[in-house]
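Visitor: Here is a sequence together with a model predicted from it:
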Amino acid sequence: MAAPSRRLAAILAADIAGYSALMGDDEEATVRDLKGHQAVILPMIGDHGGRIIDTAGDGILAEFSSVVKAVECAVDLQRTMMERNATVELGRRMQFRIGINLGDVIHDDARVYGDGVNIAARLESIAEPGGICISDKVHQEIRSKIDLRYRDLGSQQLKNITEPIRVYRVEAEQNPSPAIARPALTLPDKPSIAVLPFNNMSGDPEQDYFADGVVEEIITSLSRIRWLFVIARNSSFTYKGRAVDIKQVGRDLGVRYVLEGSIRKSGKRIRVTGQLIDASVGTHLWADRFDGAIEDVFELQDQVTASVVGAIAPKLEQAEIERAKSKPTESLDAYDFFLRGLASFHKFTNHETDDALRLWQKAIELDPDFASAYALASMCYGRRKAQGWMTNRDQEIAEATRLARHAVKCGRNDAVALAFGGYNLAYVSGELEDGVAHIEQGISLNPNLAAARYFAGWVNVWLGKPDLAIEHFLYGMRLTPIDPLVHLVHQGAAHALFFAGRYDEAIARASISLREHADHHAALRIGAASNALAGQTAEAANLIIRLRRIDPTLRVSNLRNALGPYRRQEHVAKYEDALRKAGLPE
């Protein structure tokens, strides 16, 4: 073997986000899917002039003599994976994180070594799923050579790398159209805050659900304070497991304040630390630590919430603080099952939805008055209906209705129970007036509950009140601007805009939704209908082709089976006529 030597090289490191979880869920399917992706992805590296160094497990390590070619390869890889994922169930998608560094490396006949490689691997570890992070050296070389946008993440202290590295995120979309580019968010006219996922310092990944649950309760508590603008959970949790620039978080979410922290759970003891940061200038306003027994978890949540509120507005009346102290249940075991259920429900697969239902049923057994658990259990059936997963439709609809009615009955002061329970009464049971009344009651209790705004939007679409629906959808988007599921809100808004006769705006919203989920049935439907009535016949026909590719049995005659409980039959007729004009067969 030849003696090691040095050379300058661009190193690309990639791995699949959440690969271990995918393996744990279905090992055989994961290995099969990985091999299928690799058969397409790996040859692309050679096509771009790269050399594969290692493909251990789900990872890829490659060397390029041209840094421009390395970045172009990374962009093509992510674009290809996005296309391949478009038809894959959300919970089974594989998304690469990619890091690229330019540096001096040591190489022999088989491998390369050194900080040039290590930094690329660390950059990959802080990239978001589907994203690309590059070092400052790479940025300097390519910024005037490749038509891309870059976001400066500032200096990052990477694990086992002595000196901080300035990092840039590649924004791969080229020349975004004005209709779908995300505008800069202005600060609301009241104090605004985002609560980031707390770090789980317990040394046990299985305790993530507990840390996430505590943060969700803090978000809920803060949301009840009317004079605060609180970013919804789904947008905040897009930062989970990532090194973040707090100033950038503030700009991304359009908030002045950011709360971050950590939770350490050891045996019967728990420690919660938190710090409040003014994101506009990066200064720390408050930091504290709270220790207690696990039995005192609710009191610890109250302490953190009250301290944050006090840092934002010292003159806040004590009565407002007290309003932030409601507890979901007095049973710690029921609360634990509730948190585990949330962790499963957010994964959006059939299996995980069944698991969430089982966990929430256990929570209900332990605490028969746990209103939020009834409401979320009902949502499992609502999701099963929407996704076509029901195996005994009549029985499951009856059970969903029973759970929703119980949720709103015993949760009169619980915004989550009222909003989720009310939505299921409307969607699953067709009880539109009762459903929207409960949702509106939930909004009055917690005006920052983004899900309630989404539910109110849809029920008002079904009631034939598109203008009111538009208001709810748009306000919900502002509460959760980078929610991974915001494409659903855009799709809902597209329906409301369609029935309001604002076809160009409906087309723009449907296009945003389809960019995130290319084969979403409802987004393809409303996109085709809106284009047809806007006179865009070619695009309408194209969307119908895509729609029938995923649902060959769809016809105008059976369209109503795919729609919600529309009250105004002229709206259903308008939908049918528009799709008929777009080319949907009778």
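Guide: Yep, it's here.
Visitor: going forward, measure contacts between C-alpha atoms and count neighbours the same way
Guide: Noted.
Visitor: Quick check: longest helix in the protein by residues?
Guide: helix 27-47 (DSSP state H).
Visitor: Put the alpha carbons of it into CSV.
Guide: Provided in CSV are the C-alpha atoms of helix 27-47 (Å, rounded to 0.1, in the frame of the first residue of the first chain):
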residue,chain,number,x,y,z
GLU,A,27,-36.5,-3.6,9.1
GLU,A,28,-37.1,-5.5,5.9
ALA,A,29,-39.0,-2.7,4.2
THR,A,30,-36.4,-0.2,5.2
VAL,A,31,-33.5,-2.2,3.8
ARG,A,32,-35.5,-2.8,0.6
ASP,A,33,-36.3,0.9,0.2
LEU,A,34,-32.7,1.9,0.9
LYS,A,35,-31.3,-0.4,-1.8
GLY,A,36,-33.9,1.0,-4.2
HIS,A,37,-32.8,4.6,-3.5
GLN,A,38,-29.1,3.7,-3.6
ALA,A,39,-29.5,2.2,-7.0
VAL,A,40,-30.5,5.6,-8.3
ILE,A,41,-28.5,7.9,-6.1
LEU,A,42,-25.0,6.3,-6.0
PRO,A,43,-24.5,6.4,-9.8
MET,A,44,-25.2,10.2,-9.7
ILE,A,45,-22.1,10.8,-7.7
GLY,A,46,-19.9,9.4,-10.5
ASP,A,47,-22.0,11.3,-13.1
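Visitor: now it, how far from the chain's geometric center?
Guide: Offset of helix 27-47 from its chain centre (Cα atoms, centre = their mean, to the nearest Å): 25 Å.
Visitor: what sits up against the very next helix or strand once past that helix?
Guide: Under the assignment DSSP states H and E, the closest C-terminal helix or strand after helix 27-47 is strand 50-54. Applying Cα atoms under 8 Å, 6 or more residues apart in numbering, the contact partners of strand 50-54 are 42, 45-46, 60-65, 69-70, 110-112.
Visitor: now, the most widely separated pair of those residues?
Guide: 69 and 110 (21.6 Å; Cα to Cα).
Visitor: These two - which one has more neighbours?
Guide: Set residue 69 next to residue 110 and count neighbours by other Cα atoms under 10 Å: residue 69 wins out with 19 against 8.
Visitor: Low-confidence ranges, the stretch 101-250 of the chain, go.
Guide: 108-110, 172-184, 189, 203-207, 226-227 (pLDDT under 70).
Visitor: Apply 90 and report the result again.
Guide: 103-118, 121-122, 125-131, 143-193, 195, 197-230, 232-250 (pLDDT under 90).
Visitor: wait, doesn't residue 437 sit right on residue 420?
Guide: No. At 11.9 Å, residue 437 does not count as touching residue 420 under the criterion of Cα atoms under 8 Å.
Visitor: who has more neighbours, the two?
Guide: Taking other Cα under 10 Å, residue 437 and residue 420 do not tie; residue 420 has more neighbours (28 against 16).
Visitor: and that one, helix, strand or coil?
Guide: helix (DSSP: H, G, I helix; E, B strand; the rest coil).
Visitor: how about it, what does it touch?
Guide: By Cα under 8 Å, 6+ apart, the contact list for residue 420 reads 375, 376, 378, 379, 404, 439, 451, 452, 455.
Visitor: Swap in 6 Å and give it another go.
Guide: residue 375 (Cα atoms under 6 Å, 6 or more residues apart in numbering).
Visitor: if we can go back for a sec, tell me which residues of the longest helix of the chain are tucked away?
Guide: 30, 34, 37, 41, 42, 44, 45 (16 or more other Cα atoms under 10 Å).
Visitor: cool, and stretch 243-253?
Guide: 246, 247, 248, 249, 250, 251, 252, 253.
Visitor: okay, those residues in JSON lines with distance to residue 545 next?
Guide: Output for the buried residues of stretch 243-253, formatted as JSON lines (distance: Cα to Cα, whole Å):
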{"residue": "246", "distance to residue 545": "44"}
{"residue": "247", "distance to residue 545": "44"}
{"residue": "248", "distance to residue 545": "40"}
{"residue": "249", "distance to residue 545": "39"}
{"residue": "250", "distance to residue 545": "41"}
{"residue": "251", "distance to residue 545": "39"}
{"residue": "252", "distance to residue 545": "36"}
{"residue": "253", "distance to residue 545": "36"}
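Visitor: and those as a markdown table, adding secondary structure?
Guide: A markdown table is the format used below for these (three-state DSSP):
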| residue | secondary structure |
| --- | --- |
| 246 | helix |
| 247 | helix |
| 248 | helix |
| 249 | helix |
| 250 | helix |
| 251 | helix |
| 252 | helix |
| 253 | helix |
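Visitor: For residue 269, see how far away the residue nearest the centre of the chain is.
Guide: Centrality entry for the chain: nearest residue to the mean C-alpha point is residue 484, 2.6 Å, by Cα atoms, centre = their mean. Distance, residue 484 to residue 269, using Cα to Cα, to the nearest Å: 34 Å.
Visitor: ok, then the element right after the helix-or-strand element of the chain with minimal mean pLDDT?
Guide: Using mean pLDDT, DSSP states H and E, helix 318-323 stands out as the lowest-scoring helix or strand of the chain, at a mean of 38. Following helix 318-323 in sequence order, the next helix or strand is helix 332-345 (DSSP H and E).
Visitor: Surely residue 100 is in contact with residue 137?
Guide: No. Using Cα atoms under 6 Å, residue 100 is not in contact with residue 137, being 9.7 Å away.
Visitor: Settle it for me: which of the two has more neighbours?
Guide: Higher neighbour count among residue 100 and residue 137: residue 100, with 32 against 17, using other Cα under 10 Å.
Visitor: hang on, that one is in a helix, isn't it?
Guide: No. Read with three-state DSSP, residue 100 is strand and lies in no helix.
Visitor: Tell me what it is bridged to.
Guide: Judged by DSSP bridges, the bridge partners of residue 100 are residue 12, residue 134.
Visitor: quick one: the helices in the stretch 351-500 of the chain?
Guide: 371-387, 393-410, 415-427, 432-445, 450-463, 466-479, 486-499 (DSSP state H, counting those that start in this stretch).
Visitor: Pick the most buried one from the ones you listed.
Guide: Counting by mean count of other Cα atoms under 10 Å, helix 415-427 has the highest mean neighbour count of these, with a mean of 30.
Visitor: Please state the offset of that one from the chain centre?
Guide: 21 Å.
Visitor: Between helix 393-410 and it, find me the angle.
Guide: 140 degrees (axes from the mean of the first three to the mean of the last three Cα atoms, to 10 degrees).
Visitor: circling back: out of the buried residues of helix 27-47, which is nearest to residue 364?
Guide: residue 30 (34.0 Å).
Visitor: Excluding chain neighbours, give the residue nearest to the closest one in space.
Guide: residue 23 (5.7 Å; Cα to Cα, 6 or more residues apart in numbering).
Visitor: circling back to that earlier point, relative to residue 13, which of the helices of the stretch 351-500 of the chain is closest?
Guide: helix 486-499 (29.7 Å).
Visitor: Does anything pack onto the closest one? Which helices or strands?
Guide: helix 466-479, helix 503-516 (3 or more Cα pairs under 6 Å, 6 or more residues apart in numbering; DSSP states H and E).
Visitor: Show residues contacting the following helix or strand past the last one.
Guide: Reading on from helix 503-516 to the C-terminus, the next helix or strand found by DSSP H and E is helix 521-533. If you take Cα under 6 Å, 6+ apart as the criterion, helix 521-533 is touched by 491, 503, 507, 510, 540, 543, 547, 578, 579, 582.
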